[in-house]
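Participant: 3D, please:
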Amino acid sequence: MKKSVRQLLVVSFLVIIIVILTSCVPRPAAGGTPRDTAAIAQQVQSGSEGLFMQLVQNSPPPVMYDQTELIAVLDVRNRGNHPLQSHECFIRVAGFDPNIIRSGFNQPHDCTERLGGTELEGKNLYNTEGGFNQIEFRSSDVSLPDGVFEYNPTLDFKACYHYLTKASPQVCVDPLFYQVTADQKTCQVRDVGMGGGQGGPVGVTHVGVDMIGSKAIFEITVQNLGGGSVISPTTDILACNPDYRDLDRVEYNVELSGATPVDCKPRDGIIRLSNKMGKIVCTFEVGSSTAYETPLKVELDYNYLQSLRQPLRIVKTPGTE
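Facilitator: Modelled structure (predicted):
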């Protein structure tokens, strides 16, 4: 009996020691290892989507009677990495006769509705899918005119939102690029290709790099990578009815760490896209140091317009002719 008690005490003591030692072993941080975090960050900072829209199945149904309620429900997700604040994103429906589908079916809805008026967050380290919401359009007043037995509109769900893309390609600058030197350089001046986007429908696709003495010259190619239209960030996204002069306009800002800006073109800070593409040419004074690598920070500011179309068939309710 005493031997059994002694053995039980020994076992209990060993268990306590193991628990103490285990608790002292260093553990990875909550965000995982640096390598894991870097992989997630790369995923978050890539992609060429902004707002994603999708109609819930059978909402609206493909065929419906008039005199019944029309309900359309949109799933919306922010698949880019710029958070959409309240009043920065609106969705409305067009493409139908407001004398047939009434009761404010064409009223715009804020993308942050039902989220407490906060924001539709973008992709980040803790949410790689981006924020999600549902937008509902409803009309209880659908009526075909006398003598009209069928109406076939195509509902056009238009999203208009403000977005920001930030790119930071790593470039090599070398003030002694054309000088012969016996020193082995830490990097080589070369162009930088940038496929895959930077977490928005507009992105940087290529950076040409050149050196003239102590000046670094960058030719930055910007492209509309999404399926919608780029419009000036100064347009009214609530009305979402841009003038042709507002189309394909992107405001930009370019910075090079530790360098003095000399000149950027276009000088008004606005890129005009043609066939979805535009260019920025910026010159920086980098001094007379040896070759080094540094991030070139490019910020693109714009509004974006995209649409989702859904055919609808409305037939006369029997007995109401």
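Participant: top strand in the protein by residue count?
Facilitator: Scanning the chain for the strand with the most residues, using DSSP state E, yields strand 292-311.
Participant: Strand partners (parallel or antiparallel) of that strand?
Facilitator: Here strand 292-311 has these sheet partners by DSSP bridges: strand 154-167 (antiparallel), strand 170-173 (antiparallel), strand 229-231 (antiparallel), strand 249-256 (antiparallel).
Participant: Which of those strands sits closest to residue 239?
Facilitator: Closest approach to residue 239 among the strands paired with strand 292-311 (CB to CB): strand 154-167, 8.4 Å. For the C-beta atoms, the positions are set from N, CA and C on the backbone; glycine is no exception.
Participant: Show me which residues of the closest one are buried.
Facilitator: Buried residues in strand 154-167, counted by 16 or more other CB atoms under 10 Å: 155, 157-167.
Participant: Out of those residues, the closest to residue 54 would be?
Facilitator: residue 157 (9.9 Å).
Participant: Which residues are in contact with the closest one?
Facilitator: 53, 55, 72, 74, 91-93, 307-310 (CB atoms under 8 Å, 6 or more residues apart in numbering).
Participant: likewise residue 90?
Facilitator: Taking CB under 8 Å, 6+ apart, we find residue 90 in contact with 108-111, 159-161, 237-238, 240.
Participant: Return the subset of these lying in helices.
Facilitator: Residues of those located in helices (DSSP state H): none.
Participant: could you dump those residues to JSON lines with pLDDT and distance to residue 202?
Facilitator: Shown next, in JSON lines, are these (pLDDT from 0 to 100; distance: CB to CB, whole Å):
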{"residue": "108", "pLDDT": "95", "distance to residue 202": "23"}
{"residue": "109", "pLDDT": "95", "distance to residue 202": "24"}
{"residue": "110", "pLDDT": "95", "distance to residue 202": "22"}
{"residue": "111", "pLDDT": "94", "distance to residue 202": "18"}
{"residue": "159", "pLDDT": "97", "distance to residue 202": "15"}
{"residue": "160", "pLDDT": "97", "distance to residue 202": "15"}
{"residue": "161", "pLDDT": "98", "distance to residue 202": "12"}
{"residue": "237", "pLDDT": "93", "distance to residue 202": "15"}
{"residue": "238", "pLDDT": "93", "distance to residue 202": "21"}
{"residue": "240", "pLDDT": "87", "distance to residue 202": "17"}
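Participant: Quick check on those residues: which are buried?
Facilitator: The buried subset of the contacts of residue 90 - by 16+ other CB under 10 Å - is 109-111, 159-161, 237, 240.
Participant: ok, the residue nearest the centre of the chain - contacts?
Facilitator: Centrality entry for the chain: nearest residue to the mean C-alpha point is residue 80, 2.2 Å, by CA atoms, centre = their mean. By CB under 8 Å, 6+ apart, the contact set of residue 80 is 47, 49-51, 122-123, 130, 163, 165, 199-201.
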